[in-house]
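>>> Here's a sequence, model it:
(chains A, B, C and D)
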2 protein chains.
Amino acid sequence: MTETRPADSFPAPEHDHSECIESALAAAEETCRRRGLRFTPIRRRVLELIWQNHEPVGAYHLLDQLSRDGRRAMPPTVYRALEFLVEAGLVHRLATLNAFVGCAHPDHAHQGQFLICRDCRRVVEMESARVGHSLRREAEALGFSVEEQSIELTGLCPDCSQAH
Amino acid sequence: MTETRPADSFPAPEHDHSECIESALAAAEETCRRRGLRFTPIRRRVLELIWQNHEPVGAYHLLDQLSRDGRRAMPPTVYRALEFLVEAGLVHRLATLNAFVGCAHPDHAHQGQFLICRDCRRVVEMESARVGHSLRREAEALGFSVEEQSIELTGLCPDCSQAH
DNA sequence: GCGGGGACTGTTATATTATACCACCGCGCG
DNA sequence: CGCGCGGTGGTATAATATAACAGTCCCCGC
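Residues are numbered from 1 along each chain as shown, chains lettered A, B, ... in the order given. A predicted model of the protein is given here:
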């Protein structure tokens, strides 16, 4: 059994978030360049909006913000950008929230496990090899071949847990 | 580490499904009686419709079928019944499909792991203690306290896998 | 240059899923 | 009786997502 990768933990409340945004954009730029994908202004802007914080964002919220840019954006515009970003592994969709969150490890293919705080709504992405392997092994024992996985845990993050 | 419970596997294509329906209804009756919950005609009928097969059903599909009963059902009627059934542990909601499936083990509280065939759409509920524990342990290592979990694997069931 | 094709975006319309809110009813109980 | 509460009926609307088609831009081959 491989070891769990060093997982991110919940970011300190007052960390320098502009750095998160910048590094996410830079990583996206790099990923797209390497893979010959087009990181157009809309896609870039949507990714930037998603990274405004560590909370998941709904498509229509993004739409509002795009409109505030002056752009008269319609739903398909946002959904197309989101589809691209998800395909490219730059963003994850959280099925339990119908919302999107920036990917913490865009450098390699993966489908992580998400910890969602029901209080402050922040999300952290774990990537436990142990969990992934157990699941796959048990599914295969039933003859099932796994293609996609969606694992989302809801609860309280350390900070909110402490604040009761 | 506790052992995985004996998991259900995918039902044979031609099993006697009326038996599934009947046993699900009987178990529901019993569960509600024991816990002082009201298993009203609408709730019973919705559960029966959900058990028509082993595929997840959308709320509006249930609504159509209720209407065909002669009942002029409106969305809140169905959603209220579904809310009750989910709370009572008789039905699970699949977040990745926005759909509902009968619970295979209504006798005890649990949140399982779902295997969803993307071809025939059948669903099987695993209940792996190993996976549950690993997840919880790794989340807690990050200071996160888990309250709900949603684990859904999409892929091919044995039958569809064989049929390529 | 210029024409064809593909990827991206704009726009309209609509589908799908879910909830807010208020009225009514039946029933147990003080 | 009158009250409250859980369940249901019904209207309206919110929130999420996609279909379908037209226009634009740019690369690329000729």
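>>> can you give me the strands for chain A?
Counting by DSSP state E, one finds strands in chain A at the ranges A:91-94, A:99-102, A:113-117, A:123-126, A:145-156.
>>> What does A:Phe144 show for phi and psi?
With angles defined as degrees, to the nearest 10, A:Phe144 sits at phi -100, psi 130.
>>> give me every residue that touches the nearest residue to it once chain neighbours are set aside.
Spatial nearest neighbour of A:Phe144, excluding adjacent residues (C-beta to C-beta, 6 or more residues apart in numbering or on different chains): B:Leu115 at 4.7 Å. For glycine as for every other residue, the C-beta is placed from the backbone atoms N, C-alpha and C. Listed by C-beta atoms under 8 Å, 6 or more residues apart in numbering or on different chains, the contact set of B:Leu115 reads A:Ala139, A:Leu142, A:Phe144, A:Val146, B:Val123, B:Val124, B:Glu125, B:Met126, B:Leu153, B:Gly155, B:Cys157.
>>> if I look at the nearest residue to A:Phe39 once chain neighbours are set aside, how far off is A:His105?
Sequence neighbours aside, A:Cys32 is the residue nearest to A:Phe39 in space, at 4.0 Å (criterion: C-beta to C-beta, 6+ apart). Distance from A:Cys32 to A:His105, counting by C-beta to C-beta, to the nearest Å: 16 Å.
>>> Which one's more surrounded, the two?
Under the neighbour definition other C-beta atoms under 10 Å in any protein chain shown, A:Cys32 and A:His105 were set side by side, and A:Cys32 has more, 19 against 14.
>>> which stretches of chain A have low pLDDT?
A:1-8 (pLDDT under 70).
>>> what does it put close to DNA strand D?
Contact residues, chain A versus DNA strand D (C-beta under 7 Å from any atom of the strand): A:Gly58, A:Ala59, A:Tyr60, A:His61, A:Met74, A:Pro75, A:Pro76, A:Tyr79, A:Asn98, A:Ala99.
>>> Count the neighbours of the residue nearest to A:Gln65 when sequence neighbours are not counted for me.
Once flanking residues are discounted, A:Gln65 sits nearest to A:Leu49: 5.2 Å by C-beta to C-beta, 6+ apart. Number of residues near A:Leu49 (other C-beta under 10 Å) recorded here: 21.
>>> those helices in chain A, which residues are they?
Assigned by DSSP state H, chain A shows helices spanning A:17-35, A:41-50, A:59-68, A:75-87, A:129-141, A:158-162.
>>> and the strands of chain A as JSON lines, adding distance to B:Ala26?
Output for those, formatted as JSON lines (distance: least, C-beta to C-beta, whole Å):
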{"stretch": "strand A:91-94", "distance to B:Ala26": "37"}
{"stretch": "strand A:99-102", "distance to B:Ala26": "39"}
{"stretch": "strand A:113-117", "distance to B:Ala26": "36"}
{"stretch": "strand A:123-126", "distance to B:Ala26": "40"}
{"stretch": "strand A:145-156", "distance to B:Ala26": "32"}
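>>> Tabulate those strands (CSV), appending distance to DNA strand C.
Formatted as CSV, these follow (distance: least, C-beta to the nearest atom of the strand, whole Å):
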stretch, distance to DNA strand C
strand A:91-94, 14
strand A:99-102, 13
strand A:113-117, 16
strand A:123-126, 19
strand A:145-156, 14
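>>> who in chain A is up against DNA strand C?
A:37-38, A:40-43, A:71-77, A:80-81, A:84.
>>> Where neighbours are concerned, which of those has the most?
Of the residues of chain A next to DNA strand C, with other C-beta under 10 Å as the count, A:Ala81 tops at 25 neighbours.
>>> ok, and the closest non-adjacent residue to it?
A:Val46 (4.1 Å).
>>> next one: A:Ser9
Closest to A:Ser9 by C-beta to C-beta, 6+ apart is B:Leu142, at 4.8 Å.
>>> so what's the one you found up against?
Contacts of B:Leu142 by C-beta under 8 Å, 6+ apart are A:Ala7, A:Ser9, A:Phe10, A:Leu115, A:Val124, A:Met126, A:Pro158.
>>> quick one, what contacts the last one?
The contact partners of A:Pro158, taken as C-beta under 8 Å, 6+ apart, are A:Ser9, A:Phe10, B:Leu142, B:Gly143, B:Phe144.
>>> Can you go through those residues and name the buried ones?
Taking 16 or more other C-beta atoms under 10 Å in any protein chain shown as the criterion, what is buried in those is A:Phe10, B:Gly143, B:Phe144.
>>> now, which of the contacts of A:Pro158 sits nearest DNA strand C?
For these, the closest approach to DNA strand C (C-beta to the nearest atom of the strand) belongs to B:Phe144, at 23.7 Å.
>>> wait, what's in contact with the closest one?
A:Phe10, A:Leu115, A:Cys117, A:Val124, A:Leu153, A:Gly155, A:Leu156, A:Cys157, A:Pro158, A:Ser161.
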